[in-house]
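Asks: sequence and predicted structure, then a few things I'm wondering about:
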Amino acid sequence: MQKLKLGATDIAVSEFCLGSMTWGSQNSEPEGHAQIDRALDRGIDFIDTAELYPVNPIKKETIGVTETILGNWFAKTGRRKDVVLATKCAGINANFVREDIPVSGATLRQALEGSLKRLQTEYIDLYQLHGPNRGSYHFRKIWEYDPSTQSTQKELDHFADVMETLAALKKEGKIRAFGLSNETAWGTMQWNAAAAATGGPRITTMQNEYSLLCRLYDGDMAEMSVHENITLLAYSPLAVGLLTGKYQNNNIPAGSRLDVTPGLGGRVTDRVFPAVAAYLAIAQKHGLHPVHLALAWTRSRPVTTIPIFGATSIEQLDTALDGVGLSLGQDVLDDIAAAHKAHPMPY
């Protein structure tokens, strides 16, 4: 298992990251613990969670359950130091958590203290904001995105306030590094400017959606990541299961995410299934498993990228892990480039 540094830090992690958002909804606590055990046995030491989890669906009564499941595993095994732990503070859109109260220095500290308690740990290796207060173009909002409604000074004041708290939390030893999620290039640069002004932590990682079907990161975000030394943590690298091919031909397996969440949050469109078919054909042509193709592609990108993958069964977990270390040849990459041009933005 190759190890990669997170941004400019000395935090080394496995090249794949285990996602946990189904633990407590689609997966029980014993199933979540079994996934952790299997991932560690196979070299994955990087686990991502959030105070908002589990999802599918998000419910007020289950907020924080995933962190509790992970914390119980730490308590049971005593293996906290074997895991590089990432979690997230919910943004303003997470009204189940703080009734739409915007993130501030005060609410961020409150959120972190809650996560530390549920996770039964004294520190978080990578603490992240789940989304910006001002909103963003992620989650299929690109179609109507309008940044002209934002107040520049309000946002700059917000960045400074939160960064001052982050600086204190890092000094207290409660966080090692700081990352963002669902952010933009402008927002990231302003966060780094606030870090320079306040002594807070620079942005180490960006957790945005990224897959063969969702490539919004390929433009300004990629350029920013290269020059600012920010590692991309690619969530939904399998496009929430679409790229496995299991939903082709109107198939909806019982208990699958499409069964639980109709429409997959706007990802199911008239264009998506022909795009998936193109990538499935590439996998078949080159004798590759579709899951391995999709995950290996994220690792081939110009920006240092770590895919975050989830599973609802040990079998799915093993399938993903069987593709670790796969390097795609130029012929495969050329076919992917052609498919992308033919199907540029399927959702």
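Replies: Received the coordinates, thanks. Numbering: from 1, shown residues only.
Asks: okay, CA-based contacts and neighbour counts for the rest of this
Replies: Fine.
Asks: what ranges does this structure have for its strands?
Replies: 3-5, 12-14, 17-19, 46-48, 84-89, 124-129, 175-181, 203-209, 231-235, 305-309 (DSSP state E).
Asks: just send these back as JSON lines, with mean neighbour count and distance to residue 341 too.
Replies: Listed next are the strands of the chain as JSON lines, based on neighbours: other CA atoms under 10 Å; distance: least, CA to CA, whole Å:
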{"stretch": "strand 3-5", "mean neighbour count": "15", "distance to residue 341": "30"}
{"stretch": "strand 12-14", "mean neighbour count": "19", "distance to residue 341": "31"}
{"stretch": "strand 17-19", "mean neighbour count": "23", "distance to residue 341": "29"}
{"stretch": "strand 46-48", "mean neighbour count": "23", "distance to residue 341": "32"}
{"stretch": "strand 84-89", "mean neighbour count": "23", "distance to residue 341": "34"}
{"stretch": "strand 124-129", "mean neighbour count": "23", "distance to residue 341": "32"}
{"stretch": "strand 175-181", "mean neighbour count": "24", "distance to residue 341": "27"}
{"stretch": "strand 203-209", "mean neighbour count": "25", "distance to residue 341": "19"}
{"stretch": "strand 231-235", "mean neighbour count": "26", "distance to residue 341": "21"}
{"stretch": "strand 305-309", "mean neighbour count": "25", "distance to residue 341": "22"}
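Asks: stretch 137-147: end-to-end distance?
Replies: 9 Å (CA to CA, to the nearest Å).
Asks: how about that stretch, which residues are buried there?
Replies: By neighbour count on 16 or more other CA atoms under 10 Å, the buried set for stretch 137-147 is 137, 138.
Asks: what does stretch 42-52 give?
Replies: Of all the residues in stretch 42-52, those buried under the rule 16+ other CA under 10 Å are 43, 44, 45, 46, 47, 48, 49, 50, 51, 52.
Asks: nearest spatial neighbour of the third one, chain-adjacent residues omitted?
Replies: On the basis of CA to CA, 6 or more residues apart in numbering, the spatially nearest residue to residue 45 that is not a chain neighbour turns out to be residue 83, at 4.9 Å.
Asks: and stretch 198-213, how far out from the chain middle?
Replies: 9 Å (CA atoms, centre = their mean, to the nearest Å).
Asks: max-length helix in the protein?
Replies: Taking DSSP state H as the criterion, the chain has its longest helix at helix 152-171.
Asks: mind giving me the packing neighbours of it?
Replies: In terms of contacts (3 or more CA pairs under 8 Å, 6 or more residues apart in numbering; DSSP states H and E), helix 152-171 is packed against helix 105-119, strand 175-181, helix 185-198.
Asks: go again using 7 Å as the cut-off
Replies: helix 105-119, helix 185-198 (3 or more CA pairs under 7 Å, 6 or more residues apart in numbering; DSSP states H and E).
Asks: any chance of JSON lines for the ones you listed, columns distance to residue 251?
Replies: JSON lines is the format used below for the helices and strands packed on helix 152-171 (distance: least, CA to CA, whole Å):
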{"stretch": "helix 105-119", "distance to residue 251": "37"}
{"stretch": "helix 185-198", "distance to residue 251": "37"}
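Asks: return the distance of the residue sitting furthest away from the middle of the chain relative to residue 332.
Replies: The centre of the chain is farthest from one residue, residue 285, which by CA atoms, centre = their mean lies 29.7 Å away. Distance, residue 285 to residue 332, using CA to CA: 9 Å.
Asks: cool, and residue 122?
Replies: Applying CA to CA, the value for residue 122 to residue 332 is 45 Å.
Asks: what of residue 132?
Replies: Taken as CA to CA, the span from residue 132 to residue 332 is 36 Å.
Asks: who's more crowded, those two?
Replies: residue 132 (20 against 17; other CA atoms under 10 Å).
Asks: please give me every residue in contact with that one.
Replies: By CA atoms under 7 Å, 6 or more residues apart in numbering, the contact list for residue 132 reads 91, 183.
Asks: is the residue positioned nearest the centre of the chain in a bridge, and if so with what?
Replies: Against the mean C-alpha coordinate of the chain, by CA atoms, centre = their mean, the closest residue is residue 235 at 3.6 Å. Beta-bridge pairing for residue 235 (DSSP bridges): residue 209, residue 308.
Asks: hang on, it packs against residue 208?
Replies: Yes. Using CA atoms under 7 Å, residue 235 and residue 208 qualify as a contacting pair, with a distance of 6.0 Å.
Asks: which residues of this structure score low on pLDDT?
Replies: Scanning the chain for pLDDT under 70 picks out 92-95.
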